[in-house]
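Asks: here are the coordinates; sequence isn't available:
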């Protein structure tokens, strides 16, 4: 089996583990890690050969860009305090604690590599945690906390990691210089992210085709990361800033097909890259154990102590930090914090390590300046992988049980209230535009009447509560008829598509013309077409 075949197998596994995880109630990241472990012990499966310097630029940008699209700049600003309390500060505390423990339990480990180890195991993986959280029905607010924590933990941890690795490679370290480098890295990243976000928004205005716009969105995270790194900035922060800028300020409300295409594309990329990354974790296990065959009895207790440190430090930090966040919280101020000690315990146990830790540890250089080996690289890799596997299997598999025992579940009433409020706002906006249309002399009266019904239906189809109480049942019936009409119209379009595809196989048919007609039929299936 060659490297490309192995990559294909991992990609296929990333797709198949999603429905299998739903059926077996096991998170897909856990299944992919197990798949990688099984592949690693097969004699015909080759070892992964991947240049360490390419791992971070290829893996992190698409994952961070996809994750950032699920949040917003406003949400970040509203949650600055809990992010700083529950996320950024925790990275520094965890890094320091792990570095101290690692120096005690790994003989001969210098300070800079110990800090690098602490930084690379410090950030929990939002992908693994939210993959579990979404399936067990945690409150959306808690999922947002985990996603926000993961994003900003990554930024902080990766910046610390780069400083520590640079110190280990060069053999010199200055606290003042490191602090200045952290500040410079953040400033450069923010500038690069905003400039590229603004430039991308202008380019998107020029590209009318949804395919081209999606293609540009593929290049943006890699460009942000690479340019920031070239200018000695934080590539991760640059990707995050650029993605948040585009999500909030470059969105075109009328770009329906572009939005549908982009969401579908990035959902695929997120699934494939995440699955392959967790598959690599399993595949690398045999390599990791093979490099420490003579030291595993020494390193196994060290790895267990580092894993315990991660779990204990997170608990000891979250309990008082969550209490402080609740004490400082104002009822009239919207921010996402753990509201009870039960929620705090679930967030604590959701501190699963994953893709970022693996990407960082595999990106460790093999040599330092002057030609020597990177200090205790094999030991660092072993301990880091033990932390990933330990948290993934122990916490990932038991998180649903813990959430159930503590009674932490989704607050569907809050989501319904927000959905209703948005439906009211959407309906009001549609009716306001209808009043403007009514003043046009070129619009017939019968068309105005038809539009009036549909303007009313816009809000009612989202939330039937928009209708007045006495008319609610009639609205529900009308919504049901509209949905039934949409379904039946879909059958008509399906028959039309089947006939067009059949024509594609006939002699003399021009595939390009057939595809153009097929695209028109597909467009009519979108929500804003078809007279529904």
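Replies: Ah, there it is. Because the structure is predicted, anything quoted here is derived from the model rather than measured. Numbering: from 1, shown residues only.
Asks: Helix or strand with the lowest mean pLDDT in the chain?
Replies: Every helix and strand of the chain was ranked by mean pLDDT, DSSP states H and E. The lowest is helix 126-136, at a mean of 63.
Asks: Now the element after that helix, going C-ward?
Replies: helix 140-170 (DSSP states H and E).
Asks: quick one: average confidence on that following helix?
Replies: Averaged across helix 140-170, the pLDDT comes to 81.
Asks: So which bits of that helix are buried?
Replies: Within helix 140-170, the residues that qualify as buried by neighbour count (16 or more other Cβ atoms under 10 Å) are 140-169. C-beta coordinates here come from the backbone N, C-alpha and C atoms, glycine included.
Asks: That one: how far from the chain's middle?
Replies: Relative to the centre of its chain, helix 140-170 is centred 14 Å away, using Cα atoms, centre = their mean, to the nearest Å.
Asks: Next secondary structure element downstream of it?
Replies: Following helix 140-170 toward the C-terminus (DSSP H and E): helix 175-206.
Asks: other SSEs contacting that next one?
Replies: helix 140-170, helix 210-230, helix 235-249 (3 or more Cβ pairs under 8 Å, 6 or more residues apart in numbering; DSSP states H and E).
Asks: Reformat these into JSON lines and put distance to residue 408 next to each item.
Replies: Below are the helices and strands packed on helix 175-206 laid out as JSON lines (distance: least, Cβ to Cβ, whole Å):
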{"stretch": "helix 140-170", "distance to residue 408": "7"}
{"stretch": "helix 210-230", "distance to residue 408": "33"}
{"stretch": "helix 235-249", "distance to residue 408": "28"}
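Asks: So for residue 499, which of these sits nearest?
Replies: Closest approach to residue 499 among these (Cβ to Cβ): helix 210-230, 25.2 Å.
Asks: For that closest one, give me every contacting residue.
Replies: The contact list for helix 210-230 (Cβ atoms under 8 Å, 6 or more residues apart in numbering) reads 57, 60-62, 64-65, 188-189, 192-193, 196, 200, 203-204, 207, 234-239, 241-243, 246, 255, 257-258, 260-262, 265-266, 269.
Asks: For residue 370, what are phi and psi?
Replies: For residue 370, the backbone dihedrals (degrees, to the nearest 10) come out as phi 100, psi -10.
Asks: check contacts around it.
Replies: By Cβ under 8 Å, 6+ apart, the neighbours of residue 370 are residue 171.
Asks: Could I get the pLDDT score of it?
Replies: pLDDT at residue 370 comes out at 78.
Asks: To residue 96, which of the helices and strands packed on helix 175-206 lies closest?
Replies: Closest among the helices and strands packed on helix 175-206, using Cβ to Cβ: helix 140-170, at 10.0 Å.
Asks: how close does residue 508 sit to residue 514?
Replies: Distance from residue 508 to residue 514, counting by Cβ to Cβ, to the nearest Å: 11 Å.
Asks: Which one's more surrounded, those two?
Replies: residue 514 (17 against 5; other Cβ atoms under 10 Å).
Asks: give me phi/psi at that one?
Replies: Dihedral angles (degrees, to the nearest 10) for residue 514: phi -60, psi -40.
Asks: ok, the spatially closest residue to it that is not a sequence neighbour - contacts?
Replies: Excluding its sequence neighbours, the residue lying closest to residue 514 (Cβ to Cβ, 6 or more residues apart in numbering) is residue 504, at 4.5 Å. Shown in contact with residue 504 (Cβ under 8 Å, 6+ apart): 511, 514-515.
Asks: Then residue 271?
Replies: By Cβ under 8 Å, 6+ apart, the contact set of residue 271 is 14-15, 18.
Asks: can we see that at 6 Å?
Replies: residue 14 (Cβ atoms under 6 Å, 6 or more residues apart in numbering).
Asks: do you know how far residue 27 is from residue 280?
Replies: 17 Å.
Asks: Which one's more surrounded, the two?
Replies: Comparing residue 27 with residue 280 by other Cβ under 10 Å, the one with more neighbours is residue 27, at 28 against 24.
Asks: Torsion angles phi and psi at that one?
Replies: With angles defined as degrees, to the nearest 10, residue 27 sits at phi -60, psi 140.
Asks: pLDDT (mean, whole number) over stretch 73-84?
Replies: In the prediction, stretch 73-84 has an average pLDDT of 71.
Asks: now do the same end-to-end measure for it.
Replies: 15 Å (Cα to Cα, to the nearest Å).
Asks: I'd like to know which elements whatever helix or strand residue 33 lives in is packed against.
Replies: For residue 33, the enclosing helix or strand under DSSP H and E is helix 28-41. Counting contacts by 3 or more Cβ pairs under 6 Å, 6 or more residues apart in numbering; DSSP states H and E, helix 28-41 packs against helix 3-24, helix 256-291.
Asks: could you redo the last one with a cut-off of 7 Å?
Replies: In terms of contacts (3 or more Cβ pairs under 7 Å, 6 or more residues apart in numbering; DSSP states H and E), helix 28-41 is packed against helix 3-24, helix 126-136, helix 256-291, helix 396-406.
Asks: quick check, residue 63 in a strand?
Replies: No - counting by DSSP: H, G, I helix; E, B strand; the rest coil, residue 63 is not part of a strand but helix.
Asks: Kindly state the pLDDT recorded for it?
Replies: Residue 63 is given a pLDDT of 81.
Asks: Tell me, how many residues neighbour it?
Replies: 23.
Asks: I'd assumed residue 355 was in contact with it.
Replies: Yes - proximity of residue 63 to residue 355 meets the contact threshold set by Cβ atoms under 7 Å, at 6.4 Å.
Asks: low-scoring stretches of the stretch 301-450 of the chain, by residue?
Replies: Within the stretch 301-450 of the chain, the segments meeting pLDDT under 70 span 329-336, 410-415.
Asks: ok, the residue nearest the centre of the chain to residue 337 distance?
Replies: Centroid-nearest residue in the chain, with Cα atoms, centre = their mean: residue 67, separated by 2.6 Å. For residue 67, the distance to residue 337 (Cβ to Cβ) stands at 20 Å.
Asks: quick one on the thing from earlier: just the helices and strands packed on helix 28-41: most buried one?
Replies: helix 126-136 (a mean of 24; mean count of other Cβ atoms under 10 Å).
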